[in-house]
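J.: Model the structure of this input:
(one chain, ligands or ions: 3)
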Amino acid sequence: MTRRVYIFDTTLRDGEQSPGVSLNVMEKLQIARQLARLGVDVIEAGFPITSPGDYEAVKTIAREVRGVTVAALARANFQDIDRAWEAVKGAEQPRIHTFIATSPIHMRHKLRMTEEQVIEAAVAAVKRARSYVSDVEFSAEDASRSELDFLCRVLEAAIAAGATVVNIPDTVGYATPEEFARFIRDIRQRVPGIEKVVLSVHCHDDLGLAVANSLAAVAAGANQVEGAINGIGERAGNAALEEVVMALYTRRDQFGCETNIRTEEIYRTSRLVSSLTGMPVQPNKAVVGKNAFAHESGIHQDGVLKERTTYEIMNPVMVGISQSNLVLGKHSGRHAFRQRLLELGYELGEEELNKAFQQFKVLADKKKEITDADLEAIVEEELRPVPVTYTLEYLHISTGTTIVPTATVGLKKGDEVFEEAACGNGPVDAICRAVDKVTGVPCVLKSWGINAVTSGKDAIGEVTLKISENGGKTYLGRGISTDILEASAKAYVNAVNRLLWESGRLTDKSNEVS
Ligand SMILES: CC(=O)SCCNC(=O)CCNC(=O)[C@H](O)C(C)(C)COP(=O)(O)OP(=O)(O)OC[C@H]1O[C@@H](n2cnc3c(N)ncnc32)[C@H](O)[C@@H]1OP(=O)(O)O
Ligand SMILES: CC(C)C(=O)C(=O)O
Ligand SMILES: [Mg+2]
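T.: Ligands and ions are numbered 1, 2, ... in the order given. You can find the predicted model right below:
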């Protein structure tokens, strides 16, 4: 008989705690919708007390995303819990997730609380949360470095107070698989009432063991796994959910478990999260990396051509990496374009489709064959929910080894085009300075990176960069083009648009969304 394992996604909460990542409300909503399509059981949408933006995001997701549990995080105090409830109460299936640390090191140095005070706070928090909602998760932060006797007492008290899910985090990624499995077995044996609640684990990847520890815990009886898409999260990140899910599926002979995940949505979810967070996926990343199903050496290629399973333990189609026969190029029409996007899982409205189609045609003039990765890049750019103040109308660059790089940019705002020129230390610097002159917002380029989205000399490059104004908050921008300077200009303008929007300097918030 197969046992059900619940998948709890914390991409939007712990995942967003990745250094340098900051998602706005619309981006979070877009990811949440995709997570629901993927079939996760729980979306942890945020930590509402942390900021008005986080509160708003949780509230919006709770209201808009149906058919899935939406959780909000809260420390073990009434203010956090009340705020979490305010944010999540519109959800079809709301959950409050409250936590407090139980390890000696955290209690003594961070909380400065005794064991008895921690138990008291945990019980009061769970009861407060239960006064609002019937689904309450309690997490014993840093559980894996806690003393087992004390941890069991806290869990017993939390369950008696009404917790319906108890979570055992390996907060600092310290556990090893055998030890963690033993820990879970001990908890299952020793905590009265544990059989009535969902037993969850939440593993971090500081030693690269987050997925292994999660799987060991499942084998030991845990029935909820928490993690994030692409393994993003605090420090080295969380357990990569796509890896947990595919391991449970591929080795179901070992685990005897099933999840509710629609695996064919995995790749698209991974791409969306990578694109909106600006965190690239390493090529050799399991399941979703560019090379995960690529075969380079002759003996492997020979084997795969004769029989795919010689070197592939998973079918790429199963995780949504499609193999279509439709070849798209400059002679393709709207029907084929729409069909291919549908196969890739993108269902665009008429207006979005038209915009994406125009971009596709521009690209097809420059590039013989348009690949799936090209299409994904186009669509992701089209769907990026940042209101457009400025768009790049044209760009002229003069550069070389013996001349001062100079850029002339034309930026369109409303019906007007504004032109400025500037010199710089390099062509990208010159572009940024010229854009600054038009917008009147002097920014510092904090980081710049290029990723070849597709292959070949005519590959699309995706530039991801970060800017800040006066050393304040950083804003992410992305742009794609077969010309990396054009991609840089688009990315810079995209980041400035985001800055203007998020810093509340747009007079008209109903601007077109790109
Ligand atoms: C393991 C994890 O991932 S935990 C989640 C981590 N996520 C975040 O921290 C989100 C971003 N954080 C924030 O925006 C802020 O830290 C806030 C809004 C949550 C709190 O801000 P502040 O009130 O200014 O407190 P600050 O962050 O400086 O310190 C944390 C306080 O919470 C206390 N605390 C920490 N965890 C808990 C808990 N689970 N329950 C109760 N109190 C707690 C600390 O002891 C400290 O209290 P003190 O001020 O009495 O010393
Ligand atoms: C809030 C808890 C669950 C957490 O993120 C951790 O302990 O890592
Ligand atoms: Mg965590």
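
J.: can you tell me how far E44 sits from E234?
T.: 13 Å (Cβ to Cβ, to the nearest Å). Where C-beta positions appear, they are placed from N, C-alpha and C, glycine not excepted.

J.: Revised request: answer the last question for V88.
T.: 22 Å.

J.: what about those two, which has more around it?
T.: The neighbour comparison of V88 against E234 (other Cβ atoms under 10 Å) goes to V88, with 31 against 21.

J.: Could you list the contact residues of the stretch 151-300 of the chain toward ligand 2?
T.: Proximity of the stretch 151-300 of the chain to ligand 2 (Cβ under 6 Å from any ligand atom) is limited to residues 167, 169, 171, 202, 204.

J.: Of those residues, which is the most crowded?
T.: Using other Cβ under 10 Å as the neighbour criterion, H202 leads those with 28 neighbours.

J.: Can you name the helix or strand that that one falls in?
T.: If you go by DSSP states H and E, H202 is part of strand 198-203.

J.: What helices and strands are in contact with the next helix or strand after that strand?
T.: The C-terminal neighbour of strand 198-203 among helices and strands, as given by DSSP H and E, is helix 210-219. Judged by 3 or more Cβ pairs under 8 Å, 6 or more residues apart in numbering; DSSP states H and E, helix 210-219 is in contact with strand 165-170, helix 177-190, strand 198-203, strand 224-227, helix 241-250, helix 252-255.

J.: shaky segments in the stretch 251-400 of the chain?
T.: Along the stretch 251-400 of the chain, the parts satisfying pLDDT under 70 run over 322-327, 368-369, 381-385.

J.: So R13 is in contact with P48, correct?
T.: No - in this structure R13 lies outside contact range of P48 using Cβ atoms under 8 Å: 10.1 Å.

J.: shared neighbours of these two, which are they?
T.: Contact criterion Cβ atoms under 8 Å, 6 or more residues apart in numbering; residues shared by R13 and P48: L73.

J.: check which helix or strand covers the most centrally placed residue in the chain.
T.: Centroid check for the chain by Cα atoms, centre = their mean gives V273 as the closest residue, at 3.6 Å. Following DSSP H and E, one finds V273 within helix 266-277.

J.: go on, R505?
T.: Per DSSP H and E, there is no helix or strand for R505.

J.: how close does it sit to ligand 1?
T.: 24 Å (Cβ to the nearest ligand atom, to the nearest Å).

J.: tell me the contacts of G289?
T.: Contacts of G289 (Cβ under 8 Å, 6+ apart): 281-283.

J.: which residues does the nearest residue to Y346 once chain neighbours are set aside contact?
T.: Sequence neighbours aside, V379 is the residue nearest to Y346 in space, at 5.1 Å (criterion: Cβ to Cβ, 6 or more residues apart in numbering). Contact partners of V379, counting by Cβ under 8 Å, 6+ apart, are 341, 344, 346, 348, 356.

J.: okay if I get those as TSV plus secondary structure and neighbour count?
T.: Output for those, formatted as TSV (DSSP: H, G, I helix; E, B strand; the rest coil; neighbours: other Cβ atoms under 10 Å):
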residue	secondary structure	neighbour count
L341	helix	23
L344	coil	20
Y346	coil	20
L348	coil	18
A356	helix	22
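
J.: out of the residues you listed, who's nearest ligand 2?
T.: Nearest to ligand 2 among the contacts of V379: Y346, at 31.7 Å, using Cβ to the nearest ligand atom.

J.: State the distance from G479 to ligand 1.
T.: 30 Å.

J.: Count the residues that sit near whichever residue of the stretch 301-450 of the chain sits closest to ligand 1.
T.: Here the stretch 301-450 of the chain gets closest to ligand 1 at one residue, K446, 20.8 Å apart by Cβ to the nearest ligand atom. Applying other Cβ under 10 Å, we find 15 residues neighbouring K446.

J.: I figured it hits I467, correct?
T.: Yes - counting by Cβ under 8 Å, I467 is a contact partner of K446 at 6.3 Å.

J.: shared neighbours of these two, which are they?
T.: T474.

J.: List, one by one, the residues from this protein near ligand 1.
T.: When proximity is defined by Cβ under 6 Å from any ligand atom, the chain lies next to ligand 1 at 14, 17, 47, 49-50, 75-77, 99-100, 110-111, 141, 171, 234.

J.: What distance do you get for the residue of the chain most remote from its centre to L411?
T.: When each C-alpha in the chain is compared with the mean C-alpha position (Cα atoms, centre = their mean), T402 comes out farthest, at 43.4 Å. Counting by Cβ to Cβ, the gap from T402 to L411 is 29 Å.

J.: For the stretch 351-500 of the chain, which segments count as helices?
T.: 372-382, 427-439, 484-502 (DSSP state H, counting those that start in this stretch).

J.: can you list the domain ranges for this structure.
T.: 3-277, 298-382, 391-502 (automatic domain parsing).

J.: where among those is the average confidence lowest?
T.: Sorting those by mean pLDDT places domain 298-382 lowest, at a mean of 81.

J.: From the chain's centroid, how far away is that one?
T.: Distance, stretch centre to chain centre, for domain 298-382: 22 Å (Cα atoms, centre = their mean, to the nearest Å).

J.: ok, which stretches of the stretch 351-500 of the chain are strands?
T.: Secondary structure of the stretch 351-500 of the chain by DSSP state E, counting those that start in this stretch: the strands cover 391-398, 406-413, 416-423, 444-452, 461-468, 474-481.

J.: So what touches the longest one?
T.: If you take Cβ under 8 Å, 6+ apart as the criterion, strand 444-452 is touched by 280, 428-429, 432, 459-469, 471, 474, 484, 487-488, 492.

J.: so what strands line up beside it?
T.: In the sheet, strand 444-452 lines up against strand 461-468 (antiparallel) (DSSP bridges).

J.: And for the third one?
T.: The partner list of strand 416-423 in its sheet, established with DSSP bridges, is strand 406-413 (antiparallel).

J.: angle of the strand it pairs with against helix 427-439?
T.: Per axes from the mean of the first three to the mean of the last three Cα atoms, to 10 degrees, the angle that strand 406-413 makes with helix 427-439 is 40 degrees.
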